[in-house]
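1. how would this look folded up:
(2 chains)
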Amino acid sequence: MSITSTAPKCSRLLRLLRIQNPNCRASFIHLATEKPSAHRLPKALPSSSPAPPPPSCSPFIAQLIEVLKSEDNGSSEENEKLVEILTSLGIHSLSSDQLLQITRRLPDASTALNFLQHLRSNSPCPDDDSLSSVFEAVFELASREPNSGDKLMELFNTSKQLNLPLTVCSATLLIRCFGKGKMVDKLMLVFNELEPRKRDCDVRNVLVDELLRNGCLDDALQVLDEMLQSNAQFPANENTRRIVFDGLFKGHKYERRMSEKEIVELVSKFGAHGLFPDSIRLTKWITKFCRIGECDSAWDLLHVMMDLDGPLEVASFNALLTGLEKNGQFKKMNLLMKEMKDKGILPNVVTMGISINHLCKSRRVDEALELFEKMRAGEVGVTIEPDVIIHNTLIDGLCKVGRLEEGLALMRRMKSENNCLPSTATYNCLIDGFCKAGELEKSVELFHEMGKDGVQPNVITVNSLVDGMCKHGRAGSALEFFKEMKEKGLEGNAVSYTALIGGFFAVNKINKAMELFDEMREKFTPDAVVYYTAISGLTLAGRMDDAYLVFSEMRKAGFQPDIGCYNVMINGFCKTNKIDKAHEMLKEMTRAGMKPDNFTYNTLISYFSKNGDLKTAHKMIEEACNPDYMTLEILTEWLPGVGEADKLRKFVQGYKISDSTRSCYPQFCGQSDLSKYR
DNA sequence: GTAGGGTTAG
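-> Prediction:
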């Protein structure tokens, strides 16, 4: 697009003069009285949209368009004539806003640019402000044309060459368009080109918005930093708040991750200007922070809000309480509860749910029950009716500590009070509780009761019952029940199969277990637990070749065996005197970055001791740094020569296997008999 | 599209 010397061909000028009539002036007045926008918004449109037809043209505009459109390289004489006409029309006395309005009505950017050229190449030339306004309309028109990005860039350079300062609207439009067109490196360029006094809040907001959308976090933060200073000339406003807090949560892909600390810092700076994230945004942040283990930042965030008296609702506190509970920060939970109270924020049913759940999971069921009664009686600052979740939490808590009858009674109370009926989960808690206690009949009874109540069982109901039967030696009944449910349309899942497979292994029906394992593989993608169940079942049955096959398959399926799995294999190979294979496993697990633990060493120590290879056994003992109860028992049993047996026994009495060790090898730990090692 | 407890199974 050239701006040089395109003087109009004036073949039609005479016609223009001829058709000119006094109404033209009136049209001008009409134009000029169009509502002058105190705050004009650029009307950038996607370049794909067709140029809108010019608004109902006044005769003057129609004529102007005609002249400008029909031009090509004409003589300067013709040009002068046009200028003469423009002058006679009073165009040089128009305000910049009026010029803008006129230019907007031209059909395209190129025509408008020619208009601009005419205006500036003749005297008297409108002042820079007026020309800038005309250029603003040129930008607007270009933004609606195809390939607007490149065109705008070209026009931007042109305006620089002409030394025409950008208007705020031009800059805003350019920033928007370059942002949409992903011309990231142009955003700051435009902003910096704008005179400092014109870099107002609105243009900054658009800039920040586009920078964030385009991932330029650091540039955005730098612009924001200026707006958030206490003496900022153009301080952040409500729009800035919305753009930034929405933008940051949408998770545009930034050039780098914004740390939680930075977010807290930003919220704090906004807060100093009385601008805060809304309660929902805040709560989402707190939840997110807690989920990624950034509880401390979540805490800081909420406290920044509290310190600056930002708007706060109970949900944000609930989110943080949940995070603290999951991270075991119970003291902070209490502190936060107290702060809530001081701030006058009342707990709701969710807050109570968190507290009751916490107490139940800590097995402090009596305190949970006490709180339950308190909330109903309005002794927590407000009366709160417990909902089904709170009931379920309590019932589960009671069942988990073996207070099955009390759990059952609470369920009966729900039914009789009739305002909060038992759900599937309610029955599931009870059924699982009775199953684990071996009261299978009671569980089945409850299962029928839920049917009568019209409460639908789900896969968890089925799995609790199947698992209960399997764990109590009734794998056959479990399978029957499982099939029956399937016929009724309640399909099991991999968990059901895991229970059944384990159940059949436990009653030594190895083939049936493996048959189910194969059946399961056809329907579901096996997970690590079901592989582990099959591996340990086959190992206990002494079928190490099969166990190794499943072990290999598990690895092929992409599961990295954990140390427990390796230990089972090593143990199985030792038991079947395949020490080479055991060594192979040991090497492999070390290669995979796992250190042999007590269980591994105990297995090996036991093997070598039993086989009279005391030298290797010694080596193992030295390598194992933390002898535990089991190590000492093995030593006592097999190596009386290592130390004095009595001394050892005394030492042993002070030992307990840690919970974590126990949970790693449920089928081997928690018992002190050595049979498993032999 | 409106957060926050959450319940239960290997």
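
2. When you work out contacts or count neighbours from here on, use the C-alpha atoms and nothing else.
-> Noted.

3. OK, now which residue of the stretch 401-550 of chain A is nearest to DNA strand B?
-> For the stretch 401-550 of chain A, the residue closest to DNA strand B is A:Ala425, as judged by C-alpha to the nearest atom of the strand, at 3.3 Å.

4. residues contacting that residue?
-> A:Asn392 (C-alpha atoms under 8 Å, 6 or more residues apart in numbering).

5. Helix or strand: which one has it?
-> helix A:424-436 (DSSP states H and E).

6. next helix or strand past that helix?
-> Next helix or strand after helix A:424-436 toward the C-terminus (DSSP H and E): helix A:440-452.

7. Return the set of buried residues in that next one.
-> If you call a residue buried by 16 or more other C-alpha atoms under 10 Å, then helix A:440-452 has these buried ones: A:440, A:443, A:446-447, A:450.

8. and what of stretch A:290-309?
-> Buried residues in stretch A:290-309, counted by 16+ other C-alpha under 10 Å: A:290, A:294-305, A:308.

9. tell me which of the residues you listed is nearest to DNA strand B?
-> Nearest to DNA strand B among the buried residues of stretch A:290-309 is A:Cys290, at 9.1 Å by C-alpha to the nearest atom of the strand.

10. doesn't A:Leu301 make contact with that closest one?
-> No - with contact defined as C-alpha atoms under 8 Å, A:Cys290 does not count as touching A:Leu301 (11.3 Å).

11. could I get the helix holding A:Ala425 in PDB with only the CA atoms?
-> The C-alpha atoms that make up helix A:424-436 are tabulated as PDB, following Å, rounded to 0.1, in the frame of the first residue of the first chain:
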ATOM      1  CA  THR A 424     -26.400 -46.600  48.100                       C
ATOM      2  CA  ALA A 425     -23.300 -45.500  49.900                       C
ATOM      3  CA  THR A 426     -25.100 -45.800  53.300                       C
ATOM      4  CA  TYR A 427     -25.800 -49.400  52.600                       C
ATOM      5  CA  ASN A 428     -22.400 -50.000  51.100                       C
ATOM      6  CA  CYS A 429     -20.700 -48.800  54.300                       C
ATOM      7  CA  LEU A 430     -22.800 -51.100  56.400                       C
ATOM      8  CA  ILE A 431     -22.600 -54.100  54.100                       C
ATOM      9  CA  ASP A 432     -18.800 -53.800  53.800                       C
ATOM     10  CA  GLY A 433     -18.500 -53.400  57.600                       C
ATOM     11  CA  PHE A 434     -20.500 -56.600  58.300                       C
ATOM     12  CA  CYS A 435     -18.600 -58.400  55.500                       C
ATOM     13  CA  LYS A 436     -15.300 -57.500  57.000                       C
END
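
12. quick one: average pLDDT of stretch A:298-318?
-> The average pLDDT within stretch A:298-318 is 95.

13. Name the surrounding residues that touch that stretch.
-> Stretch A:298-318 is contacted from outside by A:264, A:267-268, A:271-272, A:274, A:276, A:278-280, A:282-283, A:285-287, A:289-290, A:320, A:336, A:340, A:345-348, A:350-351, A:354, using C-alpha under 8 Å, 6+ apart.

14. And stretch A:542-558, how far out from the chain middle?
-> In terms of C-alpha atoms, centre = their mean, to the nearest Å, the centre of stretch A:542-558 is found 37 Å from the chain centre.
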